[in-house]
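K.L.:
pasting the structure only:
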């Protein structure tokens, strides 16, 4: 089994900062990529940022320049540093990881349980 555990969400005022963490554990051979998605009430889940095992990153236009994704491959952990937060960043943030459990099969996507980020105006 594979588990993703997120932490770091909370309530912050507009302009503030938060750092999210997501640690993967369990039967892991390798991690191909990790990323953060978010879902606001009444909206579809959207990609916020992603990072590959090689360090390539991808960001949603709405967070470029404000959010930074990074990873610690030795700890199977991905981080999302968020600064200059806006009320429209309020959402449940989910971690997703594409993980290979052995070298002979393709990776599968696994999701965390989500962590609430609320930005007050």
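P.N.:
Yep, that arrived. The model shown is predicted, which means the values in this text are computed figures rather than measured ones.
K.L.:
got a pLDDT number for the nearest residue to residue 62 once chain neighbours are set aside?
P.N.:
Once flanking residues are discounted, residue 62 sits nearest to residue 88: 7.7 Å by CB to CB, 6 or more residues apart in numbering. C-beta: built from backbone N, CA, C; applies to glycine. Residue 88 is assigned 97 on the pLDDT scale.
K.L.:
host element of the residue sitting furthest away from the middle of the chain?
P.N.:
Most distant residue from the mean C-alpha position of the chain: residue 104, 26.5 Å away (CA atoms, centre = their mean). Assessed by DSSP states H and E, residue 104 sits outside every helix and strand.
K.L.:
residue contacts, residue 103?
P.N.:
Residues in contact with residue 103 (CB atoms under 8 Å, 6 or more residues apart in numbering) are 29, 30.
K.L.:
need the contact list for the spatially most central residue of the chain.
P.N.:
Nearest to the geometric centre of the chain sits residue 36, at 2.5 Å (CA atoms, centre = their mean). For residue 36, the contact set (CB under 8 Å, 6+ apart) comprises 20, 22, 47-50, 69, 78, 80, 93-96.
K.L.:
What strand or helix carries it?
P.N.:
strand 30-39.
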